[in-house]
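Enquirer: okay, here's the prediction I keep looking at, along with the sequence it came from:
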Number of protein chains: 2
Amino acid sequence: MALMFLSADDPVEAWREALLAEIPGLDFRIWPEVGDPAEIDVALVWQPPPGELARYPSLRAILSLGAGIDGLLAQAGLPDVPIARMVDPSLTRTMSEYVLLATLRHHRQFDHFERAQRAARWSFALPPQAAERQVGIMGLGVLGSAAAASLAAHGFRVAGWSREAKRLAGVESFAGPDGLDAFLARTEILVCLLPLTSHTCGILSAATFARLPRGACLINVARGAHLVETDLIAALDSGQVEGATLDVFRAEPLPPDHPLWHHPKVLITPHVASYASPLTGAEGVAENIRRARAGRPLLHQVDRGRGY
Amino acid sequence: MALMFLSADDPVEAWREALLAEIPGLDFRIWPEVGDPAEIDVALVWQPPPGELARYPSLRAILSLGAGIDGLLAQAGLPDVPIARMVDPSLTRTMSEYVLLATLRHHRQFDHFERAQRAARWSFALPPQAAERQVGIMGLGVLGSAAAASLAAHGFRVAGWSREAKRLAGVESFAGPDGLDAFLARTEILVCLLPLTSHTCGILSAATFARLPRGACLINVARGAHLVETDLIAALDSGQVEGATLDVFRAEPLPPDHPLWHHPKVLITPHVASYASPLTGAEGVAENIRRARAGRPLLHQVDRGRGY
């Protein structure tokens, strides 16, 4: 019985130390130096190479280091074992923090001032108070609900749109296809935190942008495939959308010749909105290792049919 | 008895409406169409022309529309009547909001990503958690204390430096010239919210920057004269300071040929960090109009000897 750690982005030594504190004696192996593949029973992964996970015949669980598991589910030949999303207080906290930062940046017109600065132009203008600014969150799962609560606590007027209506303090709830028009019509700053499924792929499209009030802003921190990039560029160029903060893309890293890089109304960040911390995430991972070995259901287990 | 409103930046109609709701029948006159100067007993002002306030022989009080009154006190021939700072919940809230935004922007490396974007460079790097980031506020008056509390509530490790030690929950206190070294040595993101006096003019200097940890960031939302601009540019160029967010300048508007405009590590905003709202500020202004007319001390009255 051994755990395989496979990620190019996460701090492996910190994870090893934190998990050994939770499970003394844990056999922690770092891909690709994992020894006999038949000894690996749990894989803790972020973006494994396609087909790689099929090489471990004793695998009992796949634990994702990220909240989004659409990349995993899209892999051909993925072993038919339980998969768990990462749910870590730091993952949630950093996402709420990024959403608050990106929302404040549009609200307080820093995007506008950055453009004015390039022309050495003193462009004095005062925005409304936060209590007059309407922010809308698409997706009210663990991350979306936390981001909505953080924005509401800051004083913004917050609404959420989700598959089913939700009760969240200080957050107006819209649900399903019937609720989308009214949700978009009142949203000046739109945040996408939806899971990526066949229903949500391409949802950030020309039709969606056209239903926002003119001059709205977009923040996409979910998945690149939610966004139709050419539609966004057209909406920015027409002024229908006034600014965008994008952390995720259909191709990552975003290719150097992609037109989004040089669009003056777009801020690009390199998929950094949310990151787990071994200090706060190890407890849940350790519990799932124990559950996998005992044959019990995982915490935050993915429903493959639903797609998240 | 009439109130004179004099400001190019504040929304005059909203102020008139809000003050008339507080004091029905208030004689509200808008500069320069004020009629007989001898009828003006209270002036509500932001950046009046030099010498202008000396033209009103019946003046009993000057009420500032801003929190900083150094510009007023520097005017030659200022009438010897009580002066009050603006203290408005919105003024405090917008300042805390700006400081949180600018701090988050440096903390989450948006300044770094903006530079990378100009080179179409995908520059993946994860920052520490907020609980590991040390922010320091110079000045713990009404605005500084509120900003410190807001940053602490967000999870940052916050310290404050002030003339005398202060007790604020979650904020480490440093005081006086003897406390400055230790305060600077632990501060990764430095926020200036000091009043401008003969003691604080030029305090953001090469000597101060040299005592910060290498790679620190600066946020100046107090007054332009706190900063020695050439010292900041040298510190940015050497890498001692890694980024700066500046909202105030020695000359405003910042002249088009000023080197700060085009420095790649500087974000310039046009003196927009804090703004009062008639909806929340009118109550305090109305109380001060009543106090001035009754010959009573003003709320938030300025101590001219101290300079704030």
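Expert: Happy to help now that I have it. Numbering: from 1, shown residues only, chains lettered A, B, ... in the order given.
Enquirer: and the residue of the stretch 151-300 of chain A that's closest to chain B?
Expert: When CB to the nearest CB is the measure, the stretch 151-300 of chain A has its nearest residue to chain B at residue A:253, with 3.5 Å between them. In this view, the C-beta of every residue, glycine as well, is placed from N, C-alpha and C.
Enquirer: distance of the closest residue to that residue other than its chain neighbours from residue B:234?
Expert: The shortest distance from residue A:253 to any non-neighbouring residue, by CB to CB, 6 or more residues apart in numbering or on different chains, is to residue B:122 (3.5 Å). Per CB to CB, to the nearest Å, residue B:122 is found 31 Å from residue B:234.
Enquirer: quick one on the thing from earlier: part of a helix, is the residue nearest to residue A:253?
Expert: No: according to DSSP: H, G, I helix; E, B strand; the rest coil, the state of residue B:122 is coil, so it is not within a helix.
Enquirer: contact partners for it?
Expert: When the contact criterion is CB atoms under 8 Å, 6 or more residues apart in numbering or on different chains, the partners of residue B:122 are A:252, A:253, A:254, A:270, B:116.
Enquirer: could you do residue A:45 as well?
Expert: Shown in contact with residue A:45 (CB under 8 Å, 6+ apart): A:4, A:5, A:6, A:7, A:53, A:62, A:63, A:64, A:65, A:72.
Enquirer: and the residues you listed, which is closest to residue B:275?
Expert: Closest approach between the contacts of residue A:45 and residue B:275, by CB to CB: residue A:65, at 42.9 Å.
Enquirer: for the stretch 1-150 of chain A, which residue gets nearest to chain B?
Expert: Going by CB to the nearest CB, chain B is nearest to residue A:122 of the stretch 1-150 of chain A, at 3.5 Å.
Enquirer: so how far is residue A:270 from that residue?
Expert: For residue A:122, the distance to residue A:270 (CB to CB) stands at 31 Å.
Enquirer: hang on, the earlier thing: from the contacts of residue A:45, which would you call buried?
Expert: Buried by 16 or more other CB atoms under 10 Å in any protein chain shown: A:4, A:5, A:6, A:7, A:53, A:62, A:63, A:64, A:65, A:72, out of the contacts of residue A:45.
Enquirer: from residue A:277, how far off is the first one?
Expert: From residue A:4 over to residue A:277 the distance is 21 Å, taken as CB to CB.
Enquirer: just the fifth one next, same as before
Expert: Relative to residue A:277, residue A:53 is positioned 25 Å away (CB to CB).
Enquirer: in contact with the nearest residue to residue A:221 once chain neighbours are set aside: list those residues for me.
Expert: For residue A:221, the nearest residue in space outside its immediate sequence neighbours is residue A:273; the separation is 4.2 Å by CB to CB, 6+ apart. Residue A:273 makes contacts with A:94, A:95, A:98, A:99, A:221, A:247, A:248, as judged by CB under 8 Å, 6+ apart.
Enquirer: could you rerun that using 7 Å?
Expert: Shown in contact with residue A:273 (CB atoms under 7 Å, 6 or more residues apart in numbering or on different chains): A:95, A:98, A:221, A:247.
Enquirer: ok, now residue A:66?
Expert: Residue A:66 makes contact with A:46, A:86, according to CB under 7 Å, 6+ apart.
Enquirer: SS state for residue A:57?
Expert: Local secondary structure at residue A:57 is given as coil here, using three-state DSSP.
Enquirer: mind checking how far it is from residue A:144?
Expert: Distance from residue A:57 to residue A:144, by CB to CB: 38 Å.
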